[in-house]
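**Q** just to be clear, the model below is a prediction. Sequence and coordinates:
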Amino acid sequence: MRKSPSRSMFRDGAGNLALVAGIMAVICAFVPFIGDLVTIPTGIVAVVSGWIGLGRAVEGDASNGREAVIGAALGGVGLFIVFLTFAASSM
């Protein structure tokens, strides 16, 4: 009798990516000059992968819906900080 591998059946990659990218986006949003170049793509990746991760969690394919939502929110906050910084510096 063969045992099945102990690998998880959940697809948590998108939610984990969203959380890590969201944290990176918020941290890099406060770094002048270089932070803008890093925050914008990282924030977009966080929001999109958070959306995908949340969809997988709702369908039952993933177990980390909370992390996906937090990552997407942090990515959005990072993008908002960059937008506010850009708007304030261009006035």
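**A** Cool, the structure landed.
**Q** do a quick rundown of the helices in the protein.
**A** 13-29, 34-59, 65-89 (DSSP state H).
**Q** for those, give me JSON lines that also has mean neighbour count.
**A** C-betas here are computed from N, CA, C, even on glycine. What follows is the helices of the chain, written out as JSON lines (neighbours: other C-beta atoms under 10 Å):
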{"stretch": "helix 13-29", "mean neighbour count": "22"}
{"stretch": "helix 34-59", "mean neighbour count": "19"}
{"stretch": "helix 65-89", "mean neighbour count": "18"}
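**Q** I'd like those helices as JSON lines, with mean pLDDT appended.
**A** Below are the helices of the chain laid out as JSON lines (pLDDT from 0 to 100):
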{"stretch": "helix 13-29", "mean pLDDT": "96"}
{"stretch": "helix 34-59", "mean pLDDT": "94"}
{"stretch": "helix 65-89", "mean pLDDT": "95"}
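**Q** nearest spatial neighbour of residue 70, chain-adjacent residues omitted?
**A** Among residues not flanking residue 70 along the chain, residue 19 sits closest, at 6.0 Å (C-beta to C-beta, 6 or more residues apart in numbering).
**Q** can you tell me how far that neighbour is from residue 87?
**A** In this view, residue 19 and residue 87 are 27 Å apart by C-beta to C-beta, to the nearest Å.
**Q** same thing with residue 53?
**A** 30 Å.
**Q** ditto for residue 38
**A** As judged by C-beta to C-beta, residue 38 and residue 87 stand 19 Å apart.
**Q** do the same with residue 73
**A** 21 Å.
**Q** pretty sure residue 26 sits against residue 74.
**A** Yes. At 5.1 Å, residue 26 and residue 74 qualify as touching, with contact defined as C-beta atoms under 8 Å.
**Q** now residue 86, nearest residue through space, not along the chain?
**A** residue 36 (7.4 Å).
**Q** what does residue 23 give?
**A** residue 74 (6.0 Å).
**Q** pull the contacting residues for the one you found.
**A** Taking C-beta atoms under 8 Å, 6 or more residues apart in numbering, we find residue 74 in contact with 19, 22, 23, 25, 26, 46.
**Q** now those in TSV, with distance to residue 61?
**A** Output for the contacts of residue 74, formatted as TSV (distance: C-beta to C-beta, whole Å):
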residue	distance to residue 61
19	17
22	21
23	23
25	25
26	27
46	20
